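**Q** All I have is the shape, not the residue letters:
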């Protein structure tokens, strides 16, 4: 029998525990570090970091744009940069957008789960700011050779959080279909008497190196190497083993352990040349390639038992055990190139750059999920005698292969006007678009069953006894084909004013208007070799058919106006201190992010 179904899925809140048509790849936690070139951003206040490279005339930013753009106006042999940064914080009324932490609770993890913003699969998480950043540029032999190095260390410890896109979320007392399997579940004393580990630790080491050489007065060449080593490890564990009541006729045991590990590393090499066409114009080109690998592992173990035994006619028991093992592997290459052009008019500068990047990332996953539970009980009241027994099990085994192809275009036109000897105006127009296309092929073998029996024997002979039996099972041999595409467009217009108050200090005021638009489509096609269902003895078997699960295409648009303020203090002619803050006025005045940097010329 050949059949084909089309299903439109609306983002309702769901009680279901088992999402059989959700591919494993959706649970991967991405990062803005993955498969992106690392560089030391010396003006990286969160909402200005994308425009900083083309806007400010800073040696570290210029070398990132093109490693052949060597500093040519410095009399210092060595320059050292050091900064400390605060993570950007949101006001309490601001909800997490498309990268929300889903903090873990072992007893509520199977209940209501909020709808997933489809942008999640493109941008999952922004990394914490470095604990410190260090950079050095030096001319060790003469002014023709430049050697530089940068280093940043990331470290954050926080509570464990769960990915909100899992395939299965077990819940005590419910079957995989969400049906209640236990009578009077509210009487069972689930109390967290002991909590073990509850932490998520992120750490990363980021290195960069430069080598530049002035071949002729007009021609420079440069080489840039950067590498990232990133780890995230989290676990949540608790153990309960207690007895209840003075008669010791109840005892409860539960063990729950969740662990998630992530590793990422890359090697990124680029080379560039810069040529001075005339006294006013300089042009350059940079080409590079990044090779990266990311791996993640997720393990979950649940076990519980409850025993109540008051007398032979009043008892209940429950046993449950579940285990999940999943892993993700990404192996990819990012190739990129940048064209840059600088033009000087008197004391004013006009700069332009265009960058193109193409990423090809191979995706592989493996997943094994098994869960079993058993519940039984008997009790007698004044009016009746009641019994119940239930059983539920799940086995889901799958693996997948696919790819993620991305293209990124980025361009910026910027101006630097020195209006007077005391005021410099920085202004720019930045635009970027990123297109991502993910294709996954995931074979699945899934089996599950659930049975429930309940009997009422009423003491009054005039009342009819009641007996209820239910049985469900399903076997599926299928292949999930997931196709996800997203397109993100960004336009940013920054304006920064630098007021030279006197020889000792400057005041910086900046504003950035940001517009961002997303187009997202998400479709899963389930191709079934066989699906057999048993509902209370009625067996239905289907072969060779498909079901398509399509999320409606979604569009998102964000408009923001962000501010920055700063103070630059010349402690001595060779030591400068920069202070940057990002203020916020909603709901009350506060500082969203701060930045303290030191520059020394030796």
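**A** Arrived safely, thanks for sending. Computed from a prediction, not measured in an experiment: that's the story for all the values here.
**Q** Let me know how buried residue 466 is, in neighbour terms.
**A** Residues near residue 466, counting by other C-beta atoms under 10 Å, number 12. All C-beta spots, glycine's among them, are computed from the backbone N, C-alpha and C.
**Q** Can you check the pLDDT for the closest residue to it other than its chain neighbours?
**A** For residue 466, ignoring the flanking residues on the chain, the nearest one in space by C-beta to C-beta, 6 or more residues apart in numbering is residue 456 at 4.0 Å. Here, the pLDDT recorded for residue 456 equals 79.
**Q** Tell me how many other residues crowd residue 456.
**A** Around residue 456 there are 16 residues (other C-beta under 10 Å).
**Q** what sits against it?
**A** Taking C-beta atoms under 8 Å, 6 or more residues apart in numbering, we find residue 456 in contact with 384-386, 465-467.
**Q** ok, then the element right after the helix or strand hosting it?
**A** Assigned by DSSP states H and E, residue 456 belongs to strand 423-458. Next along the chain after strand 423-458, taking DSSP H and E as the criterion, comes strand 466-500.
**Q** Provide the strand pairings for that following strand, with the direction of each partner.
**A** Applying DSSP bridges, strand 466-500 is found paired with strand 423-458 (antiparallel), strand 505-535 (antiparallel).
**Q** Could you provide the ones you listed in CSV, with additional columns for distance to residue 557?
**A** Listed next are the strands paired with strand 466-500 as CSV, based on distance: least, C-beta to C-beta, whole Å:
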stretch, distance to residue 557
strand 423-458, 14
strand 505-535, 5
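**Q** What are the boundaries of the strands in the stretch 51-200 of the chain?
**A** 78-85, 102-103, 132-138, 145-158, 161-162, 195-214 (DSSP state E, counting those that start in this stretch).
**Q** low pLDDT regions in the stretch 51-200 of the chain?
**A** 73-76, 89-116, 120, 123-124, 162-165, 169-197 (pLDDT under 70).
**Q** can you rerun that using 50?
**A** Scanning the stretch 51-200 of the chain for pLDDT under 50 picks out the ranges 91-114, 183-195.
**Q** so where do the helices sit in it?
**A** Applying DSSP state H, counting those that start in this stretch to the stretch 51-200 of the chain gives helices spanning 59-65.
**Q** Now do the buried residues in the strand holding residue 456.
**A** 424, 426, 428-430, 432, 434-436, 438-442, 444, 446-452, 454-456 (16 or more other C-beta atoms under 10 Å).
**Q** Residue 464 contacts residue 458, correct?
**A** Yes - if you go by C-beta atoms under 8 Å, residue 464 and residue 458 touch, sitting 7.3 Å apart.
**Q** contacting residues around residue 207?
**A** 149-151, 226-228.
**Q** redo that, cut-off 7 Å
**A** 151, 226-227 (C-beta atoms under 7 Å, 6 or more residues apart in numbering).
**Q** ok, it to residue 152 distance?
**A** Counting by C-beta to C-beta, to the nearest Å, the separation of residue 207 from residue 152 is 8 Å.
**Q** Ok, residue 294 next?
**A** 19 Å.
**Q** and what of residue 224?
**A** From residue 224 to residue 152 the distance is 15 Å (C-beta to C-beta).
**Q** and of the contacts of residue 456, the nearest to residue 346?
**A** Using C-beta to C-beta, residue 386 comes nearest to residue 346 of those, at 93.5 Å.
**Q** coming back round to it: quick one, which of the contacts of residue 456 are buried?
**A** 384-386.
**Q** Confidence-wise, which of those comes last?
**A** Lowest pLDDT of the buried ones among the contacts of residue 456: residue 384, 76.
**Q** so what's the nearest residue to that residue once chain neighbours are set aside up against?
**A** Of all residues not flanking residue 384 in the chain, residue 458 sits nearest, at 4.8 Å (C-beta to C-beta, 6+ apart). If a contact means C-beta under 7 Å, 6+ apart, then residue 458 has 383-384, 465 as its contacts.
**Q** of those residues, closest to residue 568?
**A** Taking the contacts of residue 458 together and measuring to residue 568 by C-beta to C-beta, the closest member is residue 384, at 82.3 Å.
**Q** so the closest one makes contact with residue 459?
**A** Yes - here residue 384 lies in contact with residue 459, judged by C-beta atoms under 7 Å, at a distance of 6.2 Å.
**Q** Just the mean pLDDT for stretch 280-288, thanks.
**A** 97.
**Q** hmm, who's touching it?
**A** Stretch 280-288 is contacted from outside by 66-69, 268-277, 336-345, using C-beta under 7 Å, 6+ apart.
**Q** pLDDT at the nearest residue to residue 583 once chain neighbours are set aside, what is it?
**A** Nearest residue to residue 583 in three dimensions, chain neighbours excluded: residue 563, at 5.6 Å (C-beta to C-beta, 6+ apart). Confidence at residue 563, expressed as pLDDT, is 93.
**Q** do the same with residue 396
**A** For residue 396, the predicted pLDDT is 94.
**Q** Skipping its backbone neighbours, what lies nearest it in space?
**A** Closest residue to residue 396 apart from its sequence neighbours, by C-beta to C-beta, 6+ apart: residue 369 at 4.2 Å.
**Q** same thing with residue 148?
**A** The spatial neighbour of residue 148 that comes closest, neighbours along the chain excluded (C-beta to C-beta, 6+ apart), is residue 210 at 3.6 Å.
**Q** Cross-check the contact I'm expecting between that neighbour and residue 67.
**A** Yes - if you go by C-beta under 7 Å, residue 210 and residue 67 touch, sitting 5.6 Å apart.
**Q** Just want to know which of these two has more residues nearby.
**A** residue 67 (28 against 24).
**Q** got the angle for the helix or strand hosting the residue nearest to residue 583 vs strand 466-500?
**A** Using DSSP H and E, residue 563 sits in strand 538-572. Interaxial angle, strand 538-572 versus strand 466-500 (axes from the mean of the first three to the mean of the last three C-alpha atoms, to 10 degrees): 20 degrees.
**Q** Can you give the distance from strand 538-572 to the centre of its chain?
**A** The chain centroid and the centroid of strand 538-572 are separated by 11 Å, computed with C-alpha atoms, centre = their mean, to the nearest Å.
**Q** repeat for stretch 295-305
**A** With C-alpha atoms, centre = their mean, you get 20 Å for stretch 295-305.
**Q** Over to stretch 255-274?
**A** For stretch 255-274, the distance to the chain centre is 13 Å (C-alpha atoms, centre = their mean).
**Q** Please identify the buried residues of that stretch?
**A** Burial within stretch 255-274, assessed by neighbour count using 16+ other C-beta under 10 Å, is assigned to 255-260, 262, 264-266, 268, 270-274.
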